[in-house]
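Novice: Take this sequence and fold it.
(chains A, B and C)
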Amino acid sequence: MSLPISFLSDFGYQDEFVGVVHGVLARIAPDSRIVDITHGIAPGDVRAGALTLMRAIQYLPQGVALAVVDPGVGTSRTPIAAETSWGFFVGPDNGLLSPAVAMVGGATRIVAIENPELVIPSEGATFDGRDRFGPAAAVLAGGEARLSDLGGEIDPAGVMPLMLPLSDVDGEVLSGQAWWIDRFGNAQTNVSPEELSVLGVRPGSDITVRVGNRDHTVPWVVAYGAVEPGTPLVHVDSYGLIALAVREGRADEWFGLSEGTRVSFSRPA
Amino acid sequence: MSLPISFLSDFGYQDEFVGVVHGVLARIAPDSRIVDITHGIAPGDVRAGALTLMRAIQYLPQGVALAVVDPGVGTSRTPIAAETSWGFFVGPDNGLLSPAVAMVGGATRIVAIENPELVIPSEGATFDGRDRFGPAAAVLAGGEARLSDLGGEIDPAGVMPLMLPLSDVDGEVLSGQAWWIDRFGNAQTNVSPEELSVLGVRPGSDITVRVGNRDHTVPWVVAYGAVEPGTPLVHVDSYGLIALAVREGRADEWFGLSEGTRVSFSRPA
Amino acid sequence: MSLPISFLSDFGYQDEFVGVVHGVLARIAPDSRIVDITHGIAPGDVRAGALTLMRAIQYLPQGVALAVVDPGVGTSRTPIAAETSWGFFVGPDNGLLSPAVAMVGGATRIVAIENPELVIPSEGATFDGRDRFGPAAAVLAGGEARLSDLGGEIDPAGVMPLMLPLSDVDGEVLSGQAWWIDRFGNAQTNVSPEELSVLGVRPGSDITVRVGNRDHTVPWVVAYGAVEPGTPLVHVDSYGLIALAVREGRADEWFGLSEGTRVSFSRPA
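Specialist: Take a look at the predicted model:
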């Protein structure tokens, strides 16, 4: 019984990178189902890839998570595979896997992928998704190798974490950032509803949102339907975090946000 | 025996939305094949989604059609599932499903998706593709639920239709619109060859096409090969509708068309 | 036992073209696995499609390769299917298949796809991927037809080759071109490391690269890690060809390259 493989990358849709990795997976693990999480991560954006994998992981079928956003390919960063209660994670040791692994309870064991028998030989060393990570994911999924066959165990404490920005409170102002702008222009922040409730605001009341040096007092609603089309709002999004949205519109444009923009919340004056 | 699921959305390829729905489907119906119709519908463009689904439906394997273009998520629009002779349709009641359902002969039964046991709990109410439509499609595909298990039956007469623009004849001029510009710049109109024949023009003869206030007299051909590269033409496209094209070129640019542009046809003077 | 189908096209991700072909494949060969190589080939760019298929083929599971980049659809170009030691190739006779077929050792037999029983009837003749190539690939994959059932054999010598640009040496200068710019801005050339060694340069030494009328002397390295981030380099890429790259940057922007740009190499003065 082959495990499903969930696959995320920054390979995009223009070249054959995704297809070639699918080909490698299909050759080694012909019965494994592949779920493409997304391959639209901005090139080299490890943080966006890590946040995406973290958001997705609880909805994916247990098995193998293969993630490749790897600006350090061809350098000394270590290719790793981790065992967790959810299943296996395969990817570069650059922080990409860390938030998702933490979300499923952490790794019980981590190895470096270094067994040359499980690496596809290639003249260049720039496509580890095809030559190293793909084969590792496939042998784990197909049951042809155990984690320990991939390479030597490494200390989990030595694996690179991903530093996620924390919100902070200064007096009666809670500051965080927009850390994900989605296709629809919705802006998820790194602020939880519990943190926001410290300000004494509740769903159903108004809240003041500062972006740049402009204050916007908008309603905190439970569902878009509570406001008119075109109206900005604050809500708890489908992942449980505070987000800025505009009903039938784009919050990124309305508020002037991009990923990383500082956003502060306070009780209306 | 699981049914295949054909999946269309405006979720795009940048975020994990498509992958997360695939994950939900794979967890509930691990043996169902998924056909991605497209996820490149412009955000919130219900009409484009509906036309796309209508064009595709006859080529898809019978089973479940899952369609999510849902600018009204989080409002009072009803999530629905319909039973037809083709199979099941699952999506929002906003007109998205209506043309495809009509094309396969109409619905024999429609229910509101409201059974809380079949909805994935989530703090926010903005990702019904993941939490509500995906699970409904998967239980229907996997045979774990019947349509009536999803929720109460609703009156088909109360389901939102999609108003499709009709062509009209004024004297010897037949007017319609370009309602689909494809990746290659081809412009499909809402005009059928039968309607055009009323003007007394036939394949093989010339026809005058008015766009804006400019008239273009171009050949009505059966295949691109009848004209030279770079030459504009009128033909019956692969879906059986009148379309404007340029051999090895882009009709949208040549004629100055976008989706919704009025196009009129007449016999050359 | 159904064969896997690997599918490449210029259909893009906006319309339902890819999904409809998947639907046709799923109806005819419900047990065949489909590997999407890419559908992001620029519209009508036969050369880019051919190079992409050639690069990918050795990594794809043996079975059927379905490739559709077909600016001549609706003209007299022949739809063909070829038998090789790798498996079957299906697509238009416009050079698209030729480099990949050559890479796997050439075709043992080629037929024209002309059996009307294996073509989906359609009013227009502009979507052969759906109506002709897809069904042909699916019956070959599912074993429902043999190659000879598709149509009459044609002379391999009459099949269109793809003219690939060759590098040339003029004195001590080796000139080629950038023939693939990938998503990350890496520029693969049509120059092999063996050709480059003729100049007397070796990995580990510097090499002078001329683009336009500017000379850049950069290191020829084995892996990105040998240079600092932001630094340009020459290396053998993961397909075994000489490529220009910038560590953690874009070579196309740094050197001023697009597909087809002439690139010359010489020993530093």
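
Novice: which residues touch the residue lying closest to A:D31 once chain neighbours are set aside?
Specialist: Excluding its sequence neighbours, the residue lying closest to A:D31 (C-beta to C-beta, 6 or more residues apart in numbering or on different chains) is A:S2, at 4.2 Å. Backbone N, C-alpha and C define where each C-beta goes, glycine included. Residues in contact with A:S2, defined by C-beta atoms under 8 Å, 6 or more residues apart in numbering or on different chains, are A:A29, A:D31, A:S32, A:R33, A:A141, A:G142, A:G143.

Novice: helix/strand/coil for A:S2?
Specialist: The three-state label given to A:S2 by DSSP: H, G, I helix; E, B strand; the rest coil is coil.

Novice: measure it to A:A137 for me?
Specialist: 11 Å (C-beta to C-beta, to the nearest Å).

Novice: next one: A:T217
Specialist: In terms of C-beta to C-beta, A:T217 sits 49 Å off from A:A137.

Novice: before we move on, back to that, show me which of the contacts of A:S2 are buried.
Specialist: A:A29, A:S32, A:R33, A:A141, A:G142 (16 or more other C-beta atoms under 10 Å in any protein chain shown).

Novice: Among the residues you listed, which one sits closest to chain B?
Specialist: Minimum distance to chain B across these is 6.2 Å, recorded for A:R33 (C-beta to the nearest C-beta).

Novice: Counting neighbours, what do you get for the closest residue in space to the closest one that isn't next to it in sequence?
Specialist: Of all residues beyond its chain neighbours, the one nearest A:R33 is A:P4 (4.4 Å), with distances taken as C-beta to C-beta, 6+ apart. Neighbourhood size, A:P4 [other C-beta atoms under 10 Å in any protein chain shown]: 24.

Novice: Make sure A:P61 is indeed in a helix.
Specialist: No - going by three-state DSSP, the assignment for A:P61 is coil, not a helix.

Novice: For it, report the pLDDT, please.
Specialist: pLDDT, A:P61: 98.

Novice: my guess is A:A137 contacts A:P4, does it?
Specialist: No - contact between A:A137 and A:P4 fails when scored by C-beta atoms under 8 Å: they sit 10.6 Å apart.

Novice: quick one: common contacting residues for the two?
Specialist: A:V64.

Novice: which secondary structure elements does whatever helix or strand A:I80 lives in contact?
Specialist: Element membership of A:I80 [criterion: DSSP states H and E] is strand A:79-84. In this structure, strand A:79-84 packs against strand A:88-92, strand A:107-112, helix A:134-142, helix A:147-150, with contacts taken as 3 or more C-beta pairs under 8 Å, 6 or more residues apart in numbering or on different chains; DSSP states H and E.

Novice: can you tell me the average pLDDT over it?
Specialist: 98.

Novice: Ok, stretch A:238-254 next?
Specialist: 96.

Novice: returning to what we had before: could I get the helices and strands packed on strand A:79-84 in JSON lines, plus columns for distance to C:V191 and mean pLDDT?
Specialist: Shown next, in JSON lines, are these (distance: least, C-beta to C-beta, whole Å; pLDDT from 0 to 100):
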{"stretch": "strand A:88-92", "distance to C:V191": "29", "mean pLDDT": "98"}
{"stretch": "strand A:107-112", "distance to C:V191": "34", "mean pLDDT": "97"}
{"stretch": "helix A:134-142", "distance to C:V191": "27", "mean pLDDT": "98"}
{"stretch": "helix A:147-150", "distance to C:V191": "35", "mean pLDDT": "97"}
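
Novice: Out of these, which gets nearest to B:V209?
Specialist: helix A:134-142 (50.7 Å; C-beta to C-beta).

Novice: Could you tell me which residues of chain A lie near chain B?
Specialist: Contact residues (C-beta under 8 Å from any C-beta of the partner chain) of chain A with chain B: A:4, A:6, A:8, A:13, A:33, A:35-40, A:52, A:55-56, A:59-61, A:182-184, A:186, A:193, A:222-225, A:235-240, A:243, A:245, A:247-248.
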